[in-house]
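*Asks:* Model the structure of this input:
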Amino acid sequence: ASVAERNRLQQLVGEKKKKKKGLVYVDLNSTRAEHYQHCRQISDYLDDPAKVDLTQYMIPDEELMKWKGYVFDIVTPESRRCSCFTKSYNKYIRGTGSLLSSNFYGEDGKCLLDLKDPWCMKDLESMRQLKLRYFTETEVGRLMGFPVDRFSFPPLGEANAHAGFRLLGNSLNVLVVAALLEHLYRARPSTSKPDPQ
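*Replies:* Purely as a prediction, here's the structure:
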C-alpha cells in the first residue's frame, strides 16, 4: 500500500474515533512511525504456521460481525505495536487485545478495506477476507518478553483452553521490568564505607 493510502486510512480512523460507534481501529504505523522505528515487527514474534494449528485462533463468524458496534484493534505482521493483552483475551473480543490480520492487503498491495469508508463492510464475507485471528499464547508470551528457550506452558487440555491467556493477561513485559530493576539497582545509594586511602 502506498504512503498516501495509509495516511488517508489513518485520517479516516481519526475521524471515526471521534464518533465512537461502529469503529475498527487499524494502526498502519503511518502517522506515528517515528515512535515505532526502533521496535521489531510483529512477524518476529509469530508462531510458524507449519508447526502450530492456527485454525483454533481464527475469529468465529458470530464474533466477526460484532465489529459494527465494537472497537477492533487490528494489526498486521508488518505492524510494530499492539494493544495490551488482558486475561480475557481469546474469551471475549472487545477490548482484550489486538487481532492479527494475515490478509490486510490484497495481491495488488491495496488495503482490502475501502479507504473512503473502511467501515462500510456489511457482510460476513468481507470480514472473512481479512483473516482475523487471535494471537496464540506463545506469541503473547514472546511479545511480553518471556524467554522463548526457558518459558513454555504445560499441556492445558480442552477444559483449560484459556488458562494461558489468564496467566499472561495484564502482566508486565519482562524486559521492561528487568530494565527498571537494573536502573533502580544502579541508582541506589552505596552502603559500603569509603576507602580510607
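*Asks:* from here on, contacts and neighbour counts on C-alpha atoms
*Replies:* Fine.
*Asks:* mind listing the strands for this structure?
*Replies:* 24-26, 72-75, 99-101, 132-133 (DSSP state E).
*Asks:* rank those by mean pLDDT and give me the bottom one.
*Replies:* Ranked by mean pLDDT, the strands of the chain bottom out at strand 24-26, with a mean of 52.
*Asks:* quick one on the thing from earlier: between the strands of the chain, which one is nearest to Gly109?
*Replies:* Evaluated over the strands of the chain, closeness to Gly109 peaks at strand 99-101, with 14.3 Å, by CA to CA.
*Asks:* Would you give the sheet partners of the closest one, along with the direction of each?
*Replies:* Sheet pairing of strand 99-101 (DSSP bridges) gives strand 72-75 (parallel), strand 132-133 (antiparallel).
*Asks:* Can you lay out the strands of the chain as a markdown table showing distance to Tyr92 and mean neighbour count?
*Replies:* What follows is those, written out as a markdown table (distance: least, CA to CA, whole Å; neighbours: other CA atoms under 10 Å):
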| stretch | distance to Tyr92 | mean neighbour count |
| --- | --- | --- |
| strand 24-26 | 16 | 21 |
| strand 72-75 | 12 | 22 |
| strand 99-101 | 12 | 22 |
| strand 132-133 | 13 | 22 |
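*Asks:* Helices of the chain, residue ranges please.
*Replies:* With DSSP state H applied, the chain shows helices at 3-19, 33-36, 61-64, 124-129, 137-143, 163-168, 174-187, listed in chain order.
*Asks:* distance between the ends of stretch 75-91?
*Replies:* By CA to CA, to the nearest Å, the extent of stretch 75-91 from end to end equals 19 Å.
*Asks:* Okay, buried residues for that stretch please.
*Replies:* Neighbour-count burial for stretch 75-91 flags 75-77, 79-82, 84-90 (criterion: 16 or more other CA atoms under 10 Å).
*Asks:* Can you give me the distance of Phe85 to Leu112?
*Replies:* 26 Å.
*Asks:* Kindly report the same for Lys66.
*Replies:* Lys66 sits 18 Å away from Leu112 when distances are taken as CA to CA.
*Asks:* Ser171 too?
*Replies:* 34 Å.
*Asks:* Which one of the buried residues of stretch 75-91 is nearest to Gly164?
*Replies:* Closest approach to Gly164 among the buried residues of stretch 75-91 (CA to CA): Lys87, at 8.5 Å.
*Asks:* Now the closest one: phi and psi?
*Replies:* Dihedral pair for Lys87: phi -70, psi -10, per degrees, to the nearest 10.
*Asks:* for the closest residue to Phe85 other than its chain neighbours, what are its contacts?
*Replies:* Spatial nearest neighbour of Phe85, excluding adjacent residues (CA to CA, 6 or more residues apart in numbering): Gly97 at 4.4 Å. Going by CA atoms under 8 Å, 6 or more residues apart in numbering, Gly97 touches 73, 82-86, 89.
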